[in-house]
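Undergrad: need a 3D model of the sequence below.
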Amino acid sequence: MIQTGNLQLFSQLAKLARMVRRLVLVAIVAAAAAQASADRIRNLSASADQKAISVSFEYEGPFENDEISEAVRSGLPTIFTFDIELTLKRENWFDKTLDSARLEVIATFNSRTREYLVNYRRNRRLVRSENVAGFDTLVERMTKMVMEDVFTQPDDRYLSRLRVRVRGWNSHDSRPWFYAVRRGGTPWEIVPITREAEQ
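TA: Next up is the predicted model:
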């Protein structure tokens, strides 16, 4: 039979375990928030010609994280994912998204050639690959994006009410390639679409 003193000890240990779990959860959330707040989409612009809408932007912050830089240099596949959405400016409307696209930039280091292979996928389809020599060049290729013909040009009557929004994610892990950790995410960055002649 369990004595009263032991029951009190078990009760106190259970309270302590719950408190530790809460503190660990708060620390994890705070770390994720700090990482998310460090990464930003900058210099976003969207322009339209007669046929399509093109988008350009910079992904600022991911390489300030030493863990990501070390992962890329060690040869682990590192993926930057950008969600791009075409939205309609409309008040009190639940879903304003008209179209969306996803760009993935995947970098791996080839220890034999001492170069980085960078693959660009749009909506899961490979659109371009290139070999890059030098880490600084790699950083530029992975963080400065120019995407032509992302969306087809809608009716001109709606162009002034259209917006493009972008957010970025990064993924990498030292565990097997099929199990990647998705890190924080940037806040959405939103810009109106301009005619190419207006720029």
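
Undergrad: where exactly do the helices run in the protein?
TA: 4-38, 66-74, 135-143 (DSSP state H).

Undergrad: could you tell me the least trusted of these?
TA: Lowest mean pLDDT within the helices of the chain: helix 4-38, a mean of 68.

Undergrad: packing partners for the top strand by length along the chain?
TA: Ranked by residue count and defined by DSSP state E, the top strand of the chain is strand 97-110. Judged by 3 or more Cβ pairs under 8 Å, 6 or more residues apart in numbering; DSSP states H and E, the packing partners of strand 97-110 are helix 66-74, strand 78-88, strand 115-122, helix 135-143, strand 144-152. (Each C-beta comes from the backbone N, C-alpha and C, glycine too.)

Undergrad: roughly how far out does that strand sit from the chain middle?
TA: Computed by Cα atoms, centre = their mean, to the nearest Å, the chain-centroid distance of strand 97-110 equals 9 Å.

Undergrad: okay, buried residues for it please.
TA: 101, 103-109 (16 or more other Cβ atoms under 10 Å).

Undergrad: give me the pLDDT value at the residue nearest to the spatial centre of the chain.
TA: For the chain, Trp169 is the residue whose C-alpha lies nearest the centre (Cα atoms, centre = their mean; 1.6 Å). At Trp169, the pLDDT value in this model is 73.

Undergrad: show me the contacts for the closest residue to it other than its chain neighbours.
TA: Using Cβ to Cβ, 6 or more residues apart in numbering and skipping the chain neighbours, the partner closest in space to Trp169 is Thr81 (4.4 Å). Contacts for Thr81 (Cβ atoms under 8 Å, 6 or more residues apart in numbering) come out as 102-105, 168-171.

Undergrad: dig out what Thr81 forms beta bridges with.
TA: Glu104, Trp169 (DSSP bridges).

Undergrad: tell me how far stretch 117-136 lies from the chain's centre.
TA: The answer for stretch 117-136 is 16 Å, by Cα atoms, centre = their mean.
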